[in-house]
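Trainee: following is a predicted model, sequence given first.
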Amino acid sequence: MIEDRLAAYLAARWNEPVQVRGLRRFHGGAARETYRFDAVTAGGTRGLVLRRDPTSSLIETDRSIEFGALAAFHGSDVPVPEPLFLETDAEGFGAPGFVMGEVPGVRAAGLFDADPYGDARTEVGREMFGILGRIHARDTSVMADVLEAPLPENGWQERLDHWRRSAAADALGPEPILWAGVRWLERNPPPPPERMTIVHGDYRSGNFLIDGDHRIRAVVDWEMVHLGDPLEDLAWAMDPLWAHGTPDRPGGTIPEADAIATWERASGLAADPIALRWWRVFAQVMGLAIWISSAREVAAGRSVDPVMIFSSYFPYRFHNRTLAATLRELAA
């Protein structure tokens, strides 16, 4: 039982008896199982969150890197949950993972939430893209212990090769639109980044938590964090999949021009239009590669997780459609 493992683990770390109550799994994310629970001691009750490796995953990542990102940003002007305990083997939690503090009284926007922020959409958008800019303004040395050396100036090629290999390994069919996108990216390389930065890797509506006053209290799901071109994050955050039905308003918040300007002010960087166009095409190719991996896991019988099943259908069809439309526009 996970409850028993967690209770024994925390009791050993805190040197006092611990009861685990209210364990509940959240179905979401591509690379971790996430559970919320209460840790009860003589001194009181604390809400905690366990993130551990699943038996089947869309994305292979290192939990120590995600934990390192939380440690690097905790207490800064980029809000994140408090990282508590990291285990790189299966002994403590039944699988490698980590425990972090719960951020109470918050929610994340669901993919199908229409107008999730209501009249606060402007404030949320400015905060959303301001926080992203602050991530990119942060000195990369804060994660030097857990991230590999910066990519070379043609790091775009390494990023593209990574997702190309993933799609080639997992594709169940010919995927003509994805490979057309890959060919366009190869033939139209972007200019080098103004500066290499920490890249969240999955920054979007749904991966930050807002409170009842529509303030962003935490940025979560750092499993894809790496060093690279900050425009990769900006393009992913602006992808229409996360726009809640308003593709001209990234994340269902503020107009694109305002989002870019907000990010530029916070990051101290400029969003080169040609480079951003490349990364926006890349975002759709990356998305397709992830959804293709999801379909492979389900088809192979390695997962019956509802998120994996869903990813095989709706996001997959969405990015096939939007990438095809983008490539038609680029060819015009």
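Mentor: Ah, there it is.

Trainee: ok, which stretches of the stretch 1-150 of the chain are helices?
Mentor: 2-14, 63-73, 121-137 (DSSP state H, counting those that start in this stretch).

Trainee: would JSON lines of the ones you listed with distance to residue 164 and mean neighbour count be doable?
Mentor: For every residue, glycine as well, the C-beta is placed using N, CA and C. Rendered in JSON lines, the data for these read as follows (distance: least, C-beta to C-beta, whole Å; neighbours: other C-beta atoms under 10 Å):
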{"stretch": "helix 2-14", "distance to residue 164": "37", "mean neighbour count": "16"}
{"stretch": "helix 63-73", "distance to residue 164": "22", "mean neighbour count": "22"}
{"stretch": "helix 121-137", "distance to residue 164": "25", "mean neighbour count": "21"}
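
Trainee: make JSON lines from these and add distance to residue 79 and mean pLDDT to it.
Mentor: Below are the helices of the stretch 1-150 of the chain laid out as JSON lines (distance: least, C-beta to C-beta, whole Å; pLDDT from 0 to 100):
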{"stretch": "helix 2-14", "distance to residue 79": "24", "mean pLDDT": "95"}
{"stretch": "helix 63-73", "distance to residue 79": "8", "mean pLDDT": "94"}
{"stretch": "helix 121-137", "distance to residue 79": "7", "mean pLDDT": "98"}
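
Trainee: any buried residues in stretch 247-257, and which?
Mentor: 249-254 (16 or more other C-beta atoms under 10 Å).

Trainee: about what we covered before: who wins for proximity to residue 311 among the helices of the stretch 1-150 of the chain?
Mentor: helix 63-73 (19.6 Å; C-beta to C-beta).

Trainee: who touches the closest one?
Mentor: 32, 51-53, 80-83, 86, 88, 96-98, 100, 135, 138, 142-143, 145-147, 198, 200, 219, 222-223, 225 (C-beta atoms under 8 Å, 6 or more residues apart in numbering).

Trainee: next one: phi and psi at the residue sitting furthest away from the middle of the chain?
Mentor: Going by C-alpha atoms, centre = their mean, the residue of the chain most distant from its centre is residue 42, 36.3 Å out. Per-residue torsions, residue 42: phi -60, psi -30 (degrees, to the nearest 10).

Trainee: check contacts around the closest residue to it other than its chain neighbours.
Mentor: Among residues not flanking residue 42 along the chain, residue 16 sits closest, at 6.5 Å (C-beta to C-beta, 6 or more residues apart in numbering). The contact partners of residue 16, by C-beta under 8 Å, 6+ apart, come to 41-43.

Trainee: and residue 157, what element?
Mentor: Element membership for residue 157, per DSSP states H and E: helix 155-170.

Trainee: give me the neighbour count for residue 187.
Mentor: For residue 187, the neighbour count with other C-beta atoms under 10 Å is 7.

Trainee: spit out the contact partners of it.
Mentor: Residue 187 neighbours (C-beta under 8 Å, 6+ apart): none.

Trainee: mind checking how far it is from residue 169?
Mentor: Separation of residue 187 from residue 169 (C-beta to C-beta, to the nearest Å) stands at 23 Å.

Trainee: residue 295 is nearest to which of the helices of the stretch 1-150 of the chain?
Mentor: Across the helices of the stretch 1-150 of the chain, residue 295 has its closest neighbour in helix 63-73 (24.6 Å, C-beta to C-beta).

Trainee: C-alpha coordinates for the closest one, CSV please?
Mentor: Included here for helix 63-73 are C-alpha records, laid out as CSV according to Å, rounded to 0.1, in the frame of the first residue of the first chain:
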residue,chain,number,x,y,z
ARG,A,63,12.8,13.0,-11.3
SER,A,64,15.9,14.5,-9.7
ILE,A,65,15.9,17.2,-12.4
GLU,A,66,12.3,18.1,-11.7
PHE,A,67,13.1,18.2,-8.0
GLY,A,68,16.1,20.3,-8.7
ALA,A,69,14.0,22.8,-10.6
LEU,A,70,11.7,23.2,-7.6
ALA,A,71,14.7,23.6,-5.3
ALA,A,72,16.2,26.3,-7.6
PHE,A,73,13.0,28.4,-7.8
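
Trainee: residue 192: which of the buried residues of stretch 247-257 is nearest?
Mentor: residue 250 (24.3 Å).

Trainee: thought residue 163 was touching residue 289?
Mentor: Yes: using C-beta atoms under 8 Å, residue 163 is in contact with residue 289, at 4.2 Å.

Trainee: of these two, which one has the most company?
Mentor: Each of residue 163 and residue 289 has its neighbours counted (other C-beta under 10 Å); residue 289 has more, 27 against 21.

Trainee: and the more buried one, what does it touch?
Mentor: Contacts of residue 289 (C-beta under 8 Å, 6+ apart): 163-164, 166-167, 170, 178.

Trainee: most surrounded residue in these?
Mentor: Most surrounded of the contacts of residue 289: other C-beta under 10 Å gives residue 178, at 24 neighbours.

Trainee: what's the closest non-adjacent residue to that one?
Mentor: With C-beta to C-beta, 6+ apart as the criterion, residue 178 has its nearest non-adjacent residue at 4.7 Å, and that residue is residue 288.

Trainee: and that neighbour, how far from residue 235?
Mentor: In terms of C-beta to C-beta, residue 288 sits 14 Å off from residue 235.

Trainee: thank you kindly, that will do.
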